[in-house]
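Student: pasting the sequence and the predicted coordinates here, then a few questions.
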Amino acid sequence: MINKDEFVNELLGKMTLAEKIGQMSQFAGRGGIPHDLADDIRHGKVGSILNEVGVDLLNEIQRIAVEESRLGIPLIIGRDVIHGYQTVFPIPLGQAASWNPSIIREGARVAAVEAASDGVNWTFAPMIDVTRDARWGRIAESLGEDPYLASKLGVAMVEGFQGDDLSKEGHIAACAKHFAGYGYSEAGRDYAYVNISESELRNVAFPPFKACADAGVATFMSAFSDINGVPSTANDFLLRKVLRDEWNYKGFVVSDWDSVIQLITHGFAEHDREAAMHAANAGVDMEMASHTYLAHLEELIEEGKVNEEDINSSVKHILSVKYDLGLFEKPYTNASSFPEKGNNNHLAAAKEAAIQSCVLLKNDHQVLPLKKENLKNVAVIGPLADDKHEQMGTWVFDGKAEWCQTPLQAIRKELGDDVNIRYARGLETSRTKNRDGFAEALAIAAESETIIMFMGEESILSGEAHCRADIDLPGVQNELLEEISKLGKQTILVILAGRPLTLEQTQHYVNSMIFAWHPGTMGGPAISDILFGKVAPSGKLPVSFPRMVGQIPIYYNHRNSGKPATYETFTYIDHIPTRAGQTSTGNTSFHLDAGFEPLYPFGFGLTYTHFHYHHLRLSSHEMPVDGSIEVFAELTNSGSREAVEIAQLYIRDQVGSITRPVKELKGFQRVHLQPGETKTIVFHLKASDLAFYNRTMQHVVEPGHFDLWVGGSSNGDLHTNFTVR
Ligand code: GLC
């Protein structure tokens, strides 16, 4: 068996220039096999298709490529399998709230098996754009605001999709997207300009991509974004200098949908031909959906405007991934060798992911968990209590809504006939301003002792191109909550949404609040198990929750500024005396009407017991720039219920050659404790974990003094110091 490079080089040597350019062209599926697509495939003009599914259709398309084209090169077949295929898992931002790489890996593995059984062999995930802007609809697909967490969880997704051997059945190629900086879209408006420094790119946006590249992600996708005036899809700094020269990446880069031809719209290219030239020269190996490569690359090469050597590299990258996928040996899918989609194992994995993604934000007087024996009349109210479609969230092209089990169904199943359950939708949609449903909702609430509200966002309100400038609960949901709260009953709010919402007002209307994101197929049973205490919530926020949208961007790993706010130096707008002196309110960094902290910080999440961190100590308070230390702390479950805590490790580099964040996550682990149990938690901290890109873009560890925290959120429970010599 010749090796991959020999195979690829030998095949490349047989290819005409037209066939090479064909490999660099991805066609969008149009349902079925139109004659022109079949002919294009036969003539070697198609290297990939996306957005077709169905094993018979895809096997037939593949057969045309393999048996009816001159060289029989198989197609790589892409699909957005973002958080599940037919069995839908929580949206990625929700999965990130689990802080659990193994649960995320398992979700991606299940998604890969289901997608592969339908003939798909490439997914456009993980989306690892770090973002701090909840107005941006695509935060739903992201893994949150922190580069370290997004790196660990993004790698877990790659491992789940690709497995340990890409050629094995049920493994599909993954795609690190969108390279890079897309999460910094101005004003949280999708596709908007990105003004980002190289320092911010290297220290915040790049790490998850580097981690996925090092983990062997098969492909990258260039972003739609205009980065500092050079769109990502034409950005040789990103695609050649960083990705190839610095990271030595060997996979292939696909553009985003029409992002090559959009170079014209950006005002970066005058026409298709110039767009093709810029993208090819910048290092986009495969053009998605638009066909400027097919139309112009041959003449650009003849005119010396594009080097054939670069084309050969692109084709080698693509052929290598097809080789790794085993497509030359096994181009077809044998559906019968796969487990049934939506089988109990898949549903169980989806339920566990949904359970671990739920975050308990508020639980006054331990209203939760509800005790079945104490319940008589329960009112279930809200537009998201019983809506199979909405609970799946964004990016669910193939999700089976009919498989979804809703919260109402699960609550009815859990409480059986012992409890009188009344249900009212209350609002036709999450957006509606129509209050006609209030009366019915208030009536059943008046007849009940316990009220469980299911509110939030319909799935269409987040995801690509679905950005919001006001991130309160949409419509008149707060108004309904306010009316319900006047009844003075035990009220629990479960929020299903695709982004952090501003809950400053909402929180006052309820005793307890669970944030369930869009939890997917098994969202109902997962939420029910948490409501009734079958399992304690363990989720932690992967993103800060602002008090007000005007605080955005607000995130935990911010710079200190020269005048940081403290509660001593901050005066709330309502507390400012009349005729207050110009400098009397504290000249520090805050908003008069919102303060300087989020409503809920990164890493925050409550549970049904109390965790007590104590006895923090270090193996040493000093380490050399190439050394490491062990961090030890005791964690006690001092409450009465078993639960899981996600213990977190943060550091702060007090002085650097550039200013450093006031906190940086450098470790986390799940700790399961019985009531009264204590465990010693250990973190291994290497000096290299503290590295950053300095003013001259060198990746350095600088000696100096550091703060260190261990705790259950970015607020940090225990604190100590150490020094790097
Ligand atoms: C979309 C998205 C990208 C997706 C691609 C294919 O516009 O930006 O994330 O993978 O097109 O659907």
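Tutor: Nice, I can see it. Numbers count the residues shown, from 1 in each chain.

Student: quick one, what contacts the most centrally placed residue in the chain?
Tutor: In the chain, the residue lying closest to the centroid (C-alpha atoms, centre = their mean) is residue 142, at 2.3 Å. Contacts for residue 142 (C-beta atoms under 8 Å, 6 or more residues apart in numbering) come out as 92-93, 96, 127-131, 150, 183. Bear in mind the C-beta positions are built from the backbone N, C-alpha and C, glycine included.

Student: make it 6 Å
Tutor: 93, 127, 129, 131 (C-beta atoms under 6 Å, 6 or more residues apart in numbering).

Student: interface residues of the chain facing the ligand?
Tutor: Counting by C-beta under 6 Å from any ligand atom, the chain comes close to the ligand at 80, 124, 177, 256-257, 464.

Student: could you redo the last one with a cut-off of 5 Å?
Tutor: Contacts of the chain with the ligand, taken as C-beta under 5 Å from any ligand atom, map to 80, 124, 256-257.

Student: these into TSV, with extra columns for pLDDT?
Tutor: Formatted as TSV, these follow (pLDDT from 0 to 100):
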residue	pLDDT
80	98
124	98
256	98
257	98
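
Student: pick out the most distant pair among the residues you listed.
Tutor: By the measure C-beta to C-beta, 80 and 256 form the most distant pair in those, at 11.3 Å.

Student: what does the helix or strand harbouring residue 275 contact?
Tutor: Counting by DSSP states H and E, the element that carries residue 275 is helix 272-282. For helix 272-282, the external contacting residues (C-beta under 6 Å, 6+ apart) are 233-236, 239, 260-261, 263-264, 269, 292-293, 296-297, 300, 305-306.

Student: same deal with stretch 401-411?
Tutor: With C-beta under 6 Å, 6+ apart, stretch 401-411 has contacts from 342, 380, 385-386, 388-389, 391, 423, 454, 521, 524-525, 527-528.

Student: and those, which of them are buried?
Tutor: 342, 380, 385-386, 388, 391, 423, 454, 521, 524-525, 527-528 (16 or more other C-beta atoms under 10 Å).

Student: report the beta-bridge partners for residue 623.
Tutor: residue 724 (DSSP bridges).

Student: how much space between it and residue 710?
Tutor: Per C-beta to C-beta, to the nearest Å, residue 623 is found 17 Å from residue 710.

Student: if we can go back for a sec, what comes up buried for the helix holding residue 275?
Tutor: 272-282.

Student: tell me the residue of the stretch 451-600 of the chain that sits nearest the ligand?
Tutor: Residue nearest to the ligand within the stretch 451-600 of the chain (C-beta to the nearest ligand atom): residue 464, separated by 5.6 Å.

Student: and whichever residue of the chain sits closest to the ligand, what does it touch?
Tutor: Residue of the chain nearest the ligand, by C-beta to the nearest ligand atom: residue 124 (3.2 Å). Contacts for residue 124 (C-beta under 6 Å, 6+ apart) come out as 80, 175.

Student: before we move on, what about residue 379?
Tutor: Per C-beta under 6 Å, 6+ apart, neighbours of residue 379: 422, 444-445, 448, 451.

Student: quick one: residues in contact with stretch 361-374.
Tutor: 490, 507, 511-513, 515, 531-533, 600, 606, 608.

Student: count the neighbours of residue 672 for me.
Tutor: 12 (other C-beta atoms under 10 Å).

Student: do residue 630 as well
Tutor: Neighbour number of residue 630 under other C-beta under 10 Å is 12.

Student: so it touches residue 621, yeah?
Tutor: No. In this structure residue 630 lies outside contact range of residue 621 using C-beta atoms under 6 Å: 11.8 Å.

Student: farthest-separated two in the contacts of residue 142?
Tutor: 93 and 129 (11.3 Å).

Student: out of the two, which sits in the busier spot?
Tutor: Remark: of residue 93 and residue 129, residue 93 carries more neighbours, 30 against 27, as counted by other C-beta under 10 Å.

Student: count of neighbours near the closest residue to the more buried one other than its chain neighbours?
Tutor: Closest residue to residue 93 apart from its sequence neighbours, by C-beta to C-beta, 6 or more residues apart in numbering: residue 140 at 5.4 Å. Per other C-beta under 10 Å, the neighbour tally for residue 140 reads 29.

Student: for residue 652, same thing?
Tutor: 19.

Student: secondary structure element for it?
Tutor: Per DSSP H and E: strand 643-653 holds residue 652.

Student: just the CA trace of that strand, in CSV.
Tutor: Output of strand 643-653 as CSV, limited to C-alpha atoms (Å, rounded to 0.1, in the frame of the first residue of the first chain):
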residue,chain,number,x,y,z
ALA,A,643,-24.1,17.1,43.3
VAL,A,644,-21.4,17.9,40.8
GLU,A,645,-19.3,21.1,41.1
ILE,A,646,-17.2,22.4,38.2
ALA,A,647,-14.1,23.7,40.1
GLN,A,648,-12.3,26.4,38.2
LEU,A,649,-8.7,27.7,38.3
TYR,A,650,-7.9,31.3,37.3
ILE,A,651,-4.7,33.3,37.3
ARG,A,652,-3.7,36.9,36.9
ASP,A,653,-0.4,38.1,35.5
